[in-house]
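> Return a 3D structure for these sequence lines:
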Amino acid sequence: MVVEKFVKTKKLNMAYEVTGPEDGEPVVLLHGWPDCPRTWDEVLPHLHNRGYRTYVPTLRGFGSTKFLDDDARRTGGPLAFAADIKEFIDALNLAPVNIIGQDWGASTAMNLSCLYGTDLVKSEVVLSEGWKIFGRLSLEQVKNYWYQWYMTTPQGMEYVRKRQSEFALFMWKQWDPKYQMTAQKATVLTSYFQNPDWAEVTLDTYRQRWGYDPFDEEYADLQASLDATSEIFVPTLNIIGKSDSCTDYKMASDMGDYFTGRFEQQFWDDGGHFIQRERPRDVALAAAEWFK
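Numbering: from 1, shown residues only. The predicted structure is shown next:
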């Protein structure tokens, strides 16, 4: 049984799990929303077999990760997540490190790569997410993002706060209808949403994204750095499923324009949003090959 460990960052007592060969090259795996660290369980053995030691943190608002200050704003969004993970990597002395991220985890990885380059991120594999797409959404993508604008309404906020598990599982069915989640896996998954901060971090992420919550000025310096450049030179493999009904792969088809280093994009037939759950071996092998 894997023992959950904890490390303190500026804002959090962050839960994480570390497994694999003790002398293995480190890989940090970042889960998305609405998901949890268990999303990597079937990916990890394939990475371990190829000599990688894996570090799987639990993002703010999920599971056992807790804010240190009861009065701190429950800020969501990629800059807050990026700050947390930068401090996590620094605390464990992992840099420069390979990263695999999906959804929120993918956007976090790309923000870290843009902000800190190869001093922090050696190489990255980003799943089910594009880069710099929010200002030019297609109508298909607008349709996919209905849930984000629902959360800007009083009704949506109340739903997320009172019925978080139901809301999250509905999104799974929408985004990945071919993936058959067992009742046991659903129970484990939704247990991570019982964190008292889950709803507030979720709401702040999307409300702040579209201007319905104020920007958290604590991250102003990071935002200024991002505004100064959109280019990423960290080696990046991007994988999006063609059946992903959250992220329309066509919206991300030109993201290579922002990557000045080694870049490859793969669109997997029949892949849904949680592609690491559907095809864990394929994801692990693609990542191991990319990191070589």
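> so where do the helices sit in this structure?
Assigned by DSSP state H, the helices in the chain fall at 44-49, 78-91, 104-116, 139-144, 146-150, 154-162, 164-175, 183-191, 198-209, 220-228, 275-278, 280-291.
> quick one: buried residues of stretch 116-128?
Within stretch 116-128, the residues scored as buried using 16 or more other Cβ atoms under 10 Å are 116, 120, 121, 122, 123, 124, 125, 126, 127, 128. To be clear about C-beta, it is placed using only N, CA and C from the backbone, and glycine gets the same treatment.
> Looking at the residues you listed, which are in strands?
Counting by DSSP state E, these place 121, 122, 123, 124, 125, 126, 127 in strands.
> and the residues you listed, which two are the farthest apart?
Greatest spacing in those, by Cβ to Cβ: 122 and 127 (17.5 Å).
> ok, now which ones touch residue 200?
61, 74, 76 (Cβ atoms under 8 Å, 6 or more residues apart in numbering).
> separation between the first one and residue 40?
It stands for residue 61. In this view, residue 61 and residue 40 are 18 Å apart by Cβ to Cβ, to the nearest Å.
> again with the last one
Using Cβ to Cβ, one gets 21 Å for the distance from residue 76 to residue 40.
> just the contacts of residue 200 now: which is nearest residue 201?
Set against residue 201, the nearest of the contacts of residue 200 by Cβ to Cβ is residue 61 (3.1 Å).
> What separation is there between that closest one and residue 196?
Relative to residue 196, residue 61 is positioned 9 Å away (Cβ to Cβ).
> So if I had to pick from those two, which one is more boxed in?
residue 61 (28 against 10; other Cβ atoms under 10 Å).
> For the more buried one, what are phi and psi?
phi 90, psi -10 (degrees, to the nearest 10).
> Just give me the residue closest to the centre of this protein.
residue 105 (1.5 Å; Cα atoms, centre = their mean).
> how about that one, what does it touch?
Residue 105 neighbours (Cβ under 8 Å, 6+ apart): 29, 30, 31, 32, 59, 127.
> The same query, at a cut-off of 10 Å, please.
Residue 105 sits next to 28-33, 35, 39-40, 57, 59, 78, 81, 85, 99, 126-129, 276 when contact means Cβ atoms under 10 Å, 6 or more residues apart in numbering.
> just residue 164 next, same as before
Residue 164 is in contact with 34, 190, 193, 194, 195, 198, 199, 202, counting by Cβ under 10 Å, 6+ apart.
> shouldn't the second one be in contact with residue 38?
No - in this structure, residue 190 sits apart from residue 38 without contact. The criterion is Cβ atoms under 10 Å, and the distance is 11.0 Å.
> And residue 206, what's its pLDDT?
On pLDDT, residue 206 comes in at 98.
> could you measure it against residue 238, distance?
To residue 238, residue 206 is 22 Å away according to Cβ to Cβ.
> ok, and the closest non-adjacent residue to residue 218?
residue 75 (7.4 Å; Cβ to Cβ, 6 or more residues apart in numbering).
> same thing with residue 231?
Taking Cβ to Cβ, 6+ apart, and ignoring the residues beside it in sequence, residue 231 has residue 260 as its nearest neighbour in space, at 5.1 Å.
> Next: residue 290.
The nearest residue in space to residue 290 (Cβ to Cβ, 6+ apart) is residue 237, at 4.4 Å.
> Next, the contact list for that neighbour, please.
100, 123-127, 262-266, 286-287, 289-291.
> Equivalent analysis for residue 285, please.
Contact analysis of residue 285 by Cβ under 10 Å, 6+ apart lists 43, 46, 47, 50, 279.
> switch the cut-off to 7 Å
Neighbour list for residue 285: residue 46 [criterion: Cβ atoms under 7 Å, 6 or more residues apart in numbering].
> State the distance from it to residue 291.
Separation of residue 285 from residue 291 (Cβ to Cβ): 11 Å.
> What distance separates the opening and closing residues of stretch 22-33?
29 Å (Cα to Cα, to the nearest Å).
> How far does that stretch sit from its chain's centre?
Distance of stretch 22-33 from the chain centroid (Cα atoms, centre = their mean, to the nearest Å) equals 12 Å.
> same thing with stretch 30-40?
Taking the mean of its C-alpha atoms, stretch 30-40 sits 7 Å from the chain's own mean (Cα atoms, centre = their mean).
> Can you give me the end-to-end span of it?
Terminal-residue distance, stretch 30-40 (Cα to Cα): 9 Å.
> again, but for stretch 43-58
One end of stretch 43-58 sits 16 Å from the other (Cα to Cα).
> Check which residues of it are buried.
Residues of stretch 43-58 classed as buried by neighbour count (16+ other Cβ under 10 Å): 43-44, 46-48, 50, 52-58.
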